[in-house]
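In: What shape does this take:
(one chain, ligands or ions: 2)
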Amino acid sequence: MLDLTKWDITYLSGVGPQRAALLGKEASIFTLHDLLYYFPYKYVDRSRIYTIRELNGNMPYIQLRGQILSFETAGEGRQRRLIAHFSDGTGVVDLVWFQGIKYLTGKYKVRQDYIVFGRPTVFGGRINLAHPDIDPADEVQLSPIGLQPYYNTTEKMKRSFLNSHAIEKFVATALQFIKEPLPETLTPDILASRHLMSLTDALRNIHFPTSTETLRRAQCRLKFEELFYVQLDILRYTKERQRHYRGYVFARVGKAFNDFYSYHLPFSLTEAQKRVLREIRRDLGSGRQMNRLLQGDVGSGKTLVALMSMLIALDNGYQACLMAPTEILASQHAETIRSLLADMDIRVELLTGSVKGKKREAILQGLLTGDVNILVGTHAVAEDTVHFASLGLVVIDEQHRFGVAQRAKLWTKSGQPPHVLVMTATPIPRTLAMTLYGDLDVSVIDELPPGRKPVVTLHQFDNRRESLYRSMRKQIAQGRQVYIVYPLIQESEKIDLKNLEEGYEHVCAAFPDCRVCKVHGRMKPAEKDEQMQLFVSGQAQIMVATTVIEVGVNVPNASVMIIENAERFGLSQLHQLRGRVGRGADQSFCILVTGYKLSEDTRKRIEIMVRSNDGFEIAEADLKLRGPGDLEGTQQSGIAFNLKIADLAHDGQLLQYAREEAQAVVDADPSASSPRYALLWRQLRALRKDNAANWSLIS
Ligand code: ADP
Ligand code: MG
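Out: Ligands and ions are numbered 1, 2, ... in the order given. Predicted coordinates:
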């Protein structure tokens, strides 16, 4: 069978050693296989031939058919250029090249028919086509629909005439070479059930589509395949884990849960909370280790769900642990949980980096004997010195901030891996969740507790500060509290700190009657806690802070969130910050303050924030604006997105199909040994070898 990966690109007609070296270095094209998988980034309709009379300087790429009347060189040094006066009988345009003059004059002849392709610009009153593609008219294959592929090339490649057109020719040559069908990379079953094109047809049509419909089908097939193998890898890994580890069985719901539910729960659960709790209970009783992602917008009541899940663990004789990304959050969780459990006989301890000495010893001891029932903490709980008597459930708040490695580390804390519940308030679009956390099941709390008023979001330019302060004074006079947040990004931490300090001084001066507290990441934990406490207790009316308050802080009386330099925040971050207000019964406000000049992207972000309160809508918009590679959390998580053709922002439906097919394969052949699927497993191994660096998360 034809194995394209064995065919060195050097031997393709027209390439040779020099160009092959360049193709390898600049575009990672080493073999025919690489070449055929070097997909066009766009297609240009070449079916229409324009006349020179029609042209103006305001057109996209067009093509002309005509002859070169004469050549001329002009200019000196870097301005030296070759001009070909080109006519089709309706007028004359200048074709201009700044490079390769000798080569070009040797190659093209006057008074011969050429098809010229380029973008018209007007220069010195004449129409120019700079660096056009030019081919003998009888050689140009105008495909029936006239779609021409365009390939990315680097400057270095272009300088050696390895432009898009050259790649196109190589691909055409390579395709001629393929006489028999290429070995399939998907099974006949999958191809049939999803109506997918064969690999050979897809590769032909992705480069030279015979119609827009075949182009669509070719793209569909190749995207599907890409997504399928990512999912197959993830699901296979999950299956493997399930085969090796059994989960603790939490068979009963007992005293702790029931007492809490009957006597301590200060309100009734929302329908969404009930549904999610049922999903969790089913997992915990199944004998399978739970790995569940709990998504819910800020303020949707995830903490309560987490607590009740922990009580089930306790009822079955196990300990539970809640891990939060910051000290502030961890201590807030510990406090919330202690007050909710009030006089119940449950020992809750807080373990962070700043818990030291005797106190720490006592906690560690209590964990070993099983006296500590619930441990709340930062990543300090994952340290090697921390051992549990019987850790049954781990809850991780804000997974984004923990690497997958840290998650895995908690498993080693008891004989068997505990159940894991991951909570995130950054709603992750479904498509991304399936790729990032593909080994997790997903539960969603899609309902806020009753009585919440949606936050009103406004955009204000920073030169209107006085009116902003007036609104603040009004709110403060009504007994409300205000957050003012400044951006803090690592590279310019010093400048940001200066902004924050200046802002703080400014606010203190503008609000002489108010107490203003200040929190940022450079503070010592004790100092930070003290300042936080001022705000939580209501002694301070205004808090000036960096994004350290982004996650979890809960002050229901705070009703105004002012975000300075809002243009410097991503959408998800803005939404997170906004979630700090709107937690009480009063109408809350979020004010996005920006400079006057805004980029198009920023304008869109602000507009979405003003329009929508829906975390999922915002997350989807974020994904579309920024692309998945930039999305918060994807960098830390260790997955590099190496998708060549599929696009997570737009191919959600295909991803869903791909996942269903992959799931079916893994279910039918859990040990990856059936000859029926041998083809798929072989292909998966080959891909993993190819992408070793990028797929590292999964193994
Ligand atoms: P999240 O962690 O999802 O952002 P929290 O668990 O911190 O949300 O809950 C936000 C607030 O809503 C808390 O003050 C919590 O006590 C309250 N809350 C949670 N569930 C309910 C409910 N069912 N009814 C009323 N209030 C609730
Ligand atoms: Mg929370």
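
In: Pairing-wise in the sheet, spell out the partners of Q67.
Out: In this entry, Q67 is beta-bridged to S87, D113, by DSSP bridges.

In: got a list of what it touches?
Out: By Cβ atoms under 8 Å, 6 or more residues apart in numbering, the residues touching Q67 are 86-88, 110-114. C-beta coordinates here come from the backbone N, C-alpha and C atoms, glycine included.

In: correct me, but T352 touches A382?
Out: No: using Cβ atoms under 8 Å, T352 is not in contact with A382, being 12.0 Å away.

In: Show me what from the stretch 451-600 of the chain comes close to ligand 1.
Out: 554, 583 (Cβ under 6 Å from any ligand atom).

In: in the stretch 451-600 of the chain, which spans are strands?
Out: Along the stretch 451-600 of the chain, counting by DSSP state E, counting those that start in this stretch, strands occupy 456-461, 481-485, 516-519, 542-545, 558-563, 589-594.

In: How is the chain divided into domains?
Out: Here the domain assignment for the chain is 1-44+146-175, 48-142, 255-445, 456-612, based on automatic domain parsing.

In: okay, the ones you listed, which one's buried deepest?
Out: Neighbour counts (mean count of other Cβ atoms under 10 Å) averaged over each of the domains of the chain peak at domain 255-445, with a mean of 19.

In: For that one, give the mean pLDDT please.
Out: Average pLDDT, domain 255-445: 86.

In: quick one, phi/psi of the residue of the stretch 151-300 of the chain found nearest ligand 1?
Out: Closest contact between the stretch 151-300 of the chain and ligand 1, by Cβ to the nearest ligand atom, is at F267 (3.8 Å). The phi/psi pair for F267 (degrees, to the nearest 10) reads phi -150, psi 170.

In: That one reaches P449, doesn't it?
Out: Yes: counting by Cβ under 8 Å, P449 is a contact partner of F267 at 7.0 Å.

In: now the helices for the stretch 401-550 of the chain?
Out: 404-411, 430-436, 465-477, 493-510, 525-536 (DSSP state H, counting those that start in this stretch).

In: Same check on the stretch 101-250 of the chain?
Out: Going by DSSP H, counting those that start in this stretch, the stretch 101-250 of the chain shows helices at 101-107, 155-159, 164-177, 188-193, 199-207, 212-244.

In: re earlier: make TSV from the strands of the stretch 451-600 of the chain and add mean pLDDT to it.
Out: Formatted as TSV, these follow (pLDDT from 0 to 100):
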stretch	mean pLDDT
strand 456-461	94
strand 481-485	95
strand 516-519	93
strand 542-545	94
strand 558-563	95
strand 589-594	95
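
In: where in the stretch 501-650 of the chain is pLDDT low?
Out: In the predicted model of the stretch 501-650 of the chain, residues 548-553, 627-642 satisfy pLDDT under 70.

In: ok, the residue sitting furthest away from the middle of the chain - contacts?
Out: The centre of the chain is farthest from one residue, R111, which by Cα atoms, centre = their mean lies 54.7 Å away. By Cβ under 8 Å, 6+ apart, the contact set of R111 is 67-68.

In: Assumed T73 was part of a strand.
Out: Yes: looking at T73 with DSSP: H, G, I helix; E, B strand; the rest coil, it is inside a strand.

In: So it is in contact with A84, correct?
Out: No: the pair T73 / A84 is not scored as a contact, 10.4 Å apart, by Cβ under 8 Å.

In: Contacts only, for T51.
Out: Contacts of T51 (Cβ under 8 Å, 6+ apart): 64, 88, 90-91.

In: out of those residues, which one sits closest to ligand 1?
Out: Ligand 1 lies nearest to L64 out of those, by Cβ to the nearest ligand atom, at 61.8 Å.

In: Look at that closest one and report its pLDDT.
Out: pLDDT for L64: 93.

In: Doesn't it lie inside a strand?
Out: Yes: counting by three-state DSSP, one finds L64 located in a strand.

In: what residues are up against it?
Out: Applying Cβ under 8 Å, 6+ apart, we find L64 in contact with 49-52, 86, 88, 93, 115-117.

In: Give the ranges of residues in the stretch 51-200 of the chain that sit below the confidence cut-off.
Out: For the stretch 51-200 of the chain (pLDDT under 70), the answer is 140-146.

In: run the last query once more with 80
Out: Applying pLDDT under 80 to the stretch 51-200 of the chain flags residues 57-58, 60, 78, 124, 139-146.
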